[in-house]
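In: I need the structure of the sequence given here:
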Amino acid sequence: MKLSQAVVSDLLRIKAVQIETNPNDYFTWASGIKSPIYCDNRITMSYPEVRQKITKAFVEKVQQMKTMPDVIAGCATAGIPHAAWLADQLNLPMVYVRSKPKEHGRGNQIEGENVQGKKVLVIEDLISTGGSSLAVVDALKHAGAEILEVMAIFTYGLTKATANFEQAGVNYQTITSYEDLIQTLVVNEAIGNEEKAQLLEWRSSMESR
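Out: Numbering: from 1, shown residues only. Next up is the predicted model:
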């Protein structure tokens, strides 16, 4: 089994990713969007074997990069632990980036060492449209960092995300994807052809938003 499929299988097993095929019971995202998928990768913190597998997958992707990072940056909040575990494995400095500057103290948005002139790899837990990840990228660029790319655990594979990253001139890649999820569900006979079509139709409907 490929590592990407092993990770998505783990996410399903620990219910970090949940599926609901009844439209009346779809999950509600913070944006108000109704979705048959609920992804909460924070749950992986409680499962050492799962988080180790995720870290291993990130390490493998870093080893394939043409340019090695000087610093690992975690997106607050769900990207922070995975950035920490990856930075530890690579023996690299780590920072984390808030969605906005603190309203007290020194007003920091980036916590950790000065990133000016440093090559930074951004770690996120999930990519939907890419908006929150790119906000972190902007904050790091404003601080003088050179962004190598963004890596995340899971992506819905929306074309809007691809377009947003292309417009920003930033590359991204993930360990698992919506396609891996559906394939794993089909192989495990957790869904049939009707449910598969329903999940693909929902993703298509998201493209028009």
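
In: rest of the way, CA atoms for contacts and neighbours
Out: Will do.

In: quick check: the nearest residue to Pro23 once chain neighbours are set aside vs Lys196, distance?
Out: Computed as CA to CA, 6 or more residues apart in numbering, the closest residue to Pro23 that is not its neighbour in sequence is Pro36, at 7.2 Å. Relative to Lys196, Pro36 is positioned 11 Å away (CA to CA, to the nearest Å).

In: so Ile147 sits in a strand?
Out: Yes. Under DSSP: H, G, I helix; E, B strand; the rest coil, Ile147 falls within a strand.

In: give me phi/psi at Phe27?
Out: Backbone torsions of Phe27, given as degrees, to the nearest 10, read phi -70, psi 150.

In: could you measure from it over to Arg203?
Out: Taking CA to CA, one finds Phe27 at 14 Å from Arg203.

In: what's the answer for Thr174, then?
Out: 18 Å.

In: who's more crowded, the two?
Out: The neighbour count for Thr174 versus Arg203, taken as other CA atoms under 10 Å, is higher for Thr174 (21 against 18).

In: which SS state does that one fall under?
Out: strand.

In: which SSE is the closest residue to it other than its chain neighbours in?
Out: In space, and not counting its chain neighbours, Thr174 is closest to Ala152: 4.7 Å by CA to CA, 6+ apart. Taking DSSP states H and E as the criterion, Ala152 maps to strand 146-155.
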